[in-house]
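In: return atomic coordinates for the entry below.
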Amino acid sequence: MQQQRDLDYAEVLMKPLTATVAVSYRGQLDIESLVAAYRQLCCRHSILSARIHAKDAGFELSVGDDPNPKLSVLTGDEETLWDTARGSWDDTEGVVQLIVVHAENRGYIAIRHSHAIMDGGVTFPLLSELWAIYTDLAAGRPMQNVARDELSIGPADLLSTRWTETSPIPVPQPAEVPADSGSGAFDPGVSRRLTLSEKDTDRLLGVARAQSVTVGGLLTGATVLATTKLTGPPPSGIVTILAGIDLRRHLEPPVPVTRTANLYGRSIADVNAGPDATATSIAREVNDQQRAALRTRNLEIAGVDNPGYQPRTLAGYFIVNNYGILPSFPPSGSVRIVDFTVMPAVDMSAAQFYYQRFYTFDGRINSFMTYPSRFSGEPIELVVANFLRELTAITGTTPELADKDFHRY
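Out: Presented below is the predicted three-dimensional model:
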């Protein structure tokens, strides 16, 4: 059945951007079974076969009866994956692409997507479902027939019809739409990742509960202090943080995650980063201002134009998580998922502010953090070293780190 809907304002502003989420594997992957699994996944989720076309006014998202997914199977290595993830992009050919990069007994499985219609909160569940289908096919188990869902619902529509509070969050129309730019000129030299061990995670959770703050707030506080201790805080001692809030849990009736896109609000938090500030005190200020923003619906929807959120080059970007080997990716025969990588749509970040986005999946935590351009002269290794000191100050113990090296992301 043909399906179509117009992109709403927030989606149109995210249209120029793509992001890629990948898992790396070890073992002899059955490429034919993986491609068949992806085609089956596309039969379940309409958005994976959708395309975007320009109209006289705006853009239309549509999908036909016959899923014809966009996919690439390549021989190569990590550089091949990066080159493909940053390559040219045409939404009229598809808004989602499966990328398989393989070599002898190793490789990558990735989903690249238009940021207009998908975010990390959607991509991880889809990759997990893809792996489950592949595991069944590779083992010769019969496939389950699953009815195809409808196209995803735009954030403006969801927030105007299913927001649980008394009035919806406004989604204003932007003045203009930026030109398509693919994934943006992201410099991997200023990106790092840290994977916490289970003990590190338990300690962080223990402190968060004891102090009545969130883990995301603590990691944000650590990021702020890791940078301001290099050059000092602003003369006022106040720094501004854009904190992302997942709004999916505020919908009634609930909507399956695969039928939502970019359903994040941004709250603005002005926090004290002066000499007496701690990660906990910053977390408490961020959390208090987030709750107030939700209560008063004083939120901006990700991607909606605002003078404070103009796309600019950022100084640094790093991710803190405790994924390790995701529990949702069990071994399939001799093939094991051993790691994951995100190539973010960084143009959405703002240079003059910190930006933090925190979410959970499958019992795991993931926190994305950028810091502002006034620290661009500082090597990211110094920021990382300070961040580890702040983690030690939070938990009272030097992090064990399941992944001991910050490396290019």
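
In: lowest-pLDDT helix or strand in the chain?
Out: strand 300-301 (a mean of 65; mean pLDDT, DSSP states H and E).

In: where do the strands of the stretch 301-409 of the chain begin and end?
Out: 316-321, 336-343, 354-361, 364-371 (DSSP state E, counting those that start in this stretch).

In: mind giving me CSV with those strands and columns for mean pLDDT?
Out: What follows is the strands of the stretch 301-409 of the chain, written out as CSV (pLDDT from 0 to 100):
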stretch, mean pLDDT
strand 316-321, 71
strand 336-343, 80
strand 354-361, 77
strand 364-371, 80
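
In: so which of these gets nearest residue 113?
Out: strand 336-343 (11.0 Å; Cβ to Cβ). The way it works is simple: take the backbone N, C-alpha and C, and place the C-beta from them, glycine included.

In: buried stuff in that closest one?
Out: 337, 339, 340, 341, 342, 343 (16 or more other Cβ atoms under 10 Å).

In: right, and the last one touches residue 86 too?
Out: Yes. Between residue 343 and residue 86 there is a contact under Cβ atoms under 8 Å: 7.3 Å.

In: what residue lies at the spatial centre of the protein?
Out: The centre of the chain sits closest to residue 120, judged by Cα atoms, centre = their mean, with a distance of 3.6 Å.

In: relative to residue 387, how far out is it?
Out: 21 Å (Cβ to Cβ, to the nearest Å).

In: about what we covered before: the buried residues of strand 336-343: which two are farthest apart?
Out: The largest separation in the buried residues of strand 336-343, counting by Cβ to Cβ, is between 337 and 343 at 17.4 Å.

In: which residue ranges of the stretch 151-300 of the chain form strands?
Out: 191-195, 238-246, 264-272, 300-301.

In: now render these as JSON lines, adding mean neighbour count.
Out: Converted to JSON lines, these look like this (neighbours: other Cβ atoms under 10 Å):
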{"stretch": "strand 191-195", "mean neighbour count": "21"}
{"stretch": "strand 238-246", "mean neighbour count": "20"}
{"stretch": "strand 264-272", "mean neighbour count": "21"}
{"stretch": "strand 300-301", "mean neighbour count": "23"}
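
In: any chance of these in JSON lines, plus distance to residue 128?
Out: What follows is the strands of the stretch 151-300 of the chain, written out as JSON lines (distance: least, Cβ to Cβ, whole Å):
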{"stretch": "strand 191-195", "distance to residue 128": "18"}
{"stretch": "strand 238-246", "distance to residue 128": "18"}
{"stretch": "strand 264-272", "distance to residue 128": "20"}
{"stretch": "strand 300-301", "distance to residue 128": "26"}
